[in-house]
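Colleague: Quick one, what's the 3D model for this:
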Amino acid sequence: DLIVHVRDITHPETILQKATVLSVLKNLNLPSHLLDSMVEVHNKVDLIERYKPTEENALAISALHGHGLEELKEEIEKKVLTATGKKILAVNVNLEGPQLSWLYKEATVQEVEVMPEDGTARVKVIISNSAFGRYKNLFPN
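Modeller: Numbering: from 1, shown residues only. Model (predicted):
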């Protein structure tokens, strides 16, 4: 669904390495949307003072220090959701009904926050548009 290209930005041949990787990927005859949506990651930015990527859409990280990892995670999540046609939703469910069980079978449940005072839960899910349509038809309230 997604290609993430992580480069050691401190390596003296980093530009040549990128060109080589892109050449190999193109020779694999991958779908063009994969190459177009590739996430470019510049690692080891902690070793270069005040590093700013010169390449469009490149993310600067330091895996060692954790710098930029949250932004990388968000970008990967966004691109994977786009590539797979899924979205993240929060839905309220009645715990006495079958909604939660249905969501576990038909979607990816990420979080369940139970509200014991009214017997409901707020459920965060990753779900396809078609599955969400089925959910709304089955559980209109």
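
Colleague: Report pLDDT for Asn141.
Modeller: With respect to pLDDT, Asn141 has a value of 77.

Colleague: meant to ask about Glu96, not that
Modeller: 94.

Colleague: quick one: contacts for it?
Modeller: Gly119 (Cβ atoms under 8 Å, 6 or more residues apart in numbering). All C-beta spots, glycine's among them, are computed from the backbone N, C-alpha and C.

Colleague: Same check on Leu69?
Modeller: Leu69 neighbours (Cβ under 8 Å, 6+ apart): Ile61, Ala63.

Colleague: Give me the distance between it and Glu75.
Modeller: Using Cβ to Cβ, to the nearest Å, Leu69 is found at 11 Å from Glu75.

Colleague: ok, now His11?
Modeller: Relative to Glu75, His11 is positioned 22 Å away (Cβ to Cβ).

Colleague: okay, those two: which has more neighbours?
Modeller: Neighbours were tallied for His11 and for Glu75 using other Cβ atoms under 10 Å; the higher tally belongs to Glu75 (17 against 12).

Colleague: In space, what's closest to the more buried one - neighbours in sequence excluded?
Modeller: Once flanking residues are discounted, Glu75 sits nearest to Val39: 5.8 Å by Cβ to Cβ, 6 or more residues apart in numbering.

Colleague: domains for this structure, by residue range?
Modeller: Here the chain is described, according to the TED database, as comprising the domains 4-83, 85-138.

Colleague: ok so, going back, for the residue nearest to Glu75, grab the count of nearby residues.
Modeller: Using other Cβ under 10 Å: Val39 sits among 18 other residues.

Colleague: Could you pull up the residues touching it?
Modeller: Going by Cβ under 8 Å, 6+ apart, Val39 touches Leu2, Ile3, Val4, His5, Leu59, Leu72, Glu75, Ile76, Lys79.
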